[in-house]
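K.L.:
how would this look folded up:
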Amino acid sequence: MSGYHLCQVKKAVHPYYIESISTNIFTIEELCFYLRENIYLIDETIMNEKLCDWIRDELGLLRLYRKLYEQLEKEGSIAGFILPIFKEIGYLSHDEFKELQEHISRIEVQPDDLRKKMKADYLVRYQMYSNAIHEYYKILKRRGPGNMGVQFYAAILNNMAAAYARLFLFEEAADCLWQSYGLVRSGEVYRRYLTALSLSGKPDLYEKKLEELKVPQVLRDRIKDTTGRLRNAAKENCPEDEDIGTFLEKIKKQYHRSNRA
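P.N.:
Numbers count the residues shown, from 1 in each chain. Below is the predicted model of the structure:
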């Protein structure tokens, strides 16, 4: 952001809601800041008629509304849609604007799956774990031999597992890690898989898997130490009037209920 920007346009009475990160914006300056800082999150929650109408009705920017609406009608590029927003108030210096334009151009030629991964990774950064998992799943669903290669999809599964783990959905995390291990035989992914499985609340399944995989005692002890630390961290987020098992089960049910909606 080039220096301090005074609010040049009126503040909206009714904010625009950015669905992907559950955030309200009230001014065009806030919109510019969001677009510049989250270029990989630009999707249909931004490039749509609703935003155009908000710019017209709430901010009174009729000329900008017309430009953006024209871009939608002809299904223009990301640059064609968002750069006029920056130009409207001179939000960026000449050099900053050029740099952003070049950045968008590089993004637009990237493979679609790579762009989706970056979007999901940004959602994890915003702690929007369910949304991130949904984006990772879309990438995996369209996976094919001619797409990005096993290393890429192993990374997707690893990141997806991390998002599940942040939701305390360790069984789902373990499943992702096992799939990743099947693609790229990584010792670190193997250890993380066993750790997630040990936290899944299914001790019989965990013990059976240890025997099946012939896991050495030194690794079992290491996993035990790790899971102990993670359980203590989970307890810190647990309400005082609930035990940790009830708390984790509630989170799991909330996740699955929200994904059925």
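
K.L.:
quick one: the helix ranked longest in the chain to chain centroid distance?
P.N.:
What stands out as the longest helix in the chain, according to DSSP state H, is helix 217-236. Distance of helix 217-236 from the chain centroid (Cα atoms, centre = their mean, to the nearest Å) equals 27 Å.

K.L.:
buried stuff in it?
P.N.:
Neighbour counts over helix 217-236 (16 or more other Cβ atoms under 10 Å) mark 223, 226-227, 230, 234 as buried. No exception for glycine: its C-beta is placed from N, CA and C like everyone else's.

K.L.:
and stretch 47-63, end to end?
P.N.:
Terminal residues of stretch 47-63 are spaced 17 Å apart (Cα to Cα, to the nearest Å).

K.L.:
residue 10: what's it in contact with?
P.N.:
Each residue near residue 10 by Cβ atoms under 8 Å, 6 or more residues apart in numbering is listed here: 59-60.

K.L.:
swap that for residue 14, please
P.N.:
54, 58.

K.L.:
can we see that at 6 Å?
P.N.:
Applying Cβ atoms under 6 Å, 6 or more residues apart in numbering to residue 14 gives the contacts residue 58.

K.L.:
now it, what's its secondary structure?
P.N.:
Secondary structure state of residue 14, per DSSP: H, G, I helix; E, B strand; the rest coil, is coil.

K.L.:
for it, give me phi and psi.
P.N.:
Residue 14 adopts backbone torsions of phi -110, psi 120, taken as degrees, to the nearest 10.

K.L.:
assign a three-state SS to the closest residue to residue 147 other than its chain neighbours, would you?
P.N.:
Closest residue to residue 147 apart from its sequence neighbours, by Cβ to Cβ, 6 or more residues apart in numbering: residue 113 at 6.1 Å. Taking three-state DSSP as the rule, one finds residue 113 in the helix state.

K.L.:
correct me, but residue 113 touches residue 140?
P.N.:
No: contact between residue 113 and residue 140 fails when scored by Cβ atoms under 6 Å: they sit 9.5 Å apart.

K.L.:
that older thread, number of residues surrounding the residue nearest to residue 147?
P.N.:
19 (other Cβ atoms under 10 Å).

K.L.:
likewise for residue 63?
P.N.:
Per other Cβ under 10 Å, the neighbour tally for residue 63 reads 11.

K.L.:
who's in contact with residue 195?
P.N.:
Counting by Cβ under 6 Å, 6+ apart, residue 195 has contacts 223, 226.

K.L.:
distance of it from residue 96?
P.N.:
44 Å (Cβ to Cβ, to the nearest Å).

K.L.:
same deal with residue 170?
P.N.:
As for residue 170, its distance to residue 96 is 44 Å (criterion: Cβ to Cβ).

K.L.:
of these two, who's got more company?
P.N.:
Using other Cβ under 10 Å, the more surrounded residue of residue 170 and residue 96 is residue 170, with 24 against 14.

K.L.:
phi first, then psi, for the closest residue to that one other than its chain neighbours.
P.N.:
Spatial nearest neighbour of residue 170, excluding adjacent residues (Cβ to Cβ, 6+ apart): residue 199 at 4.0 Å. When read as degrees, to the nearest 10, the backbone of residue 199 gives phi -90, psi 0.

K.L.:
burial count for residue 199?
P.N.:
Residue 199: 23 surrounding residues under other Cβ under 10 Å.

K.L.:
worst mean pLDDT across the helices and strands of the chain, which element?
P.N.:
helix 244-260 (a mean of 51; mean pLDDT, DSSP states H and E).

K.L.:
part of a helix, is residue 60?
P.N.:
No: assessed with three-state DSSP, residue 60 is coil; it does not lie in a helix.
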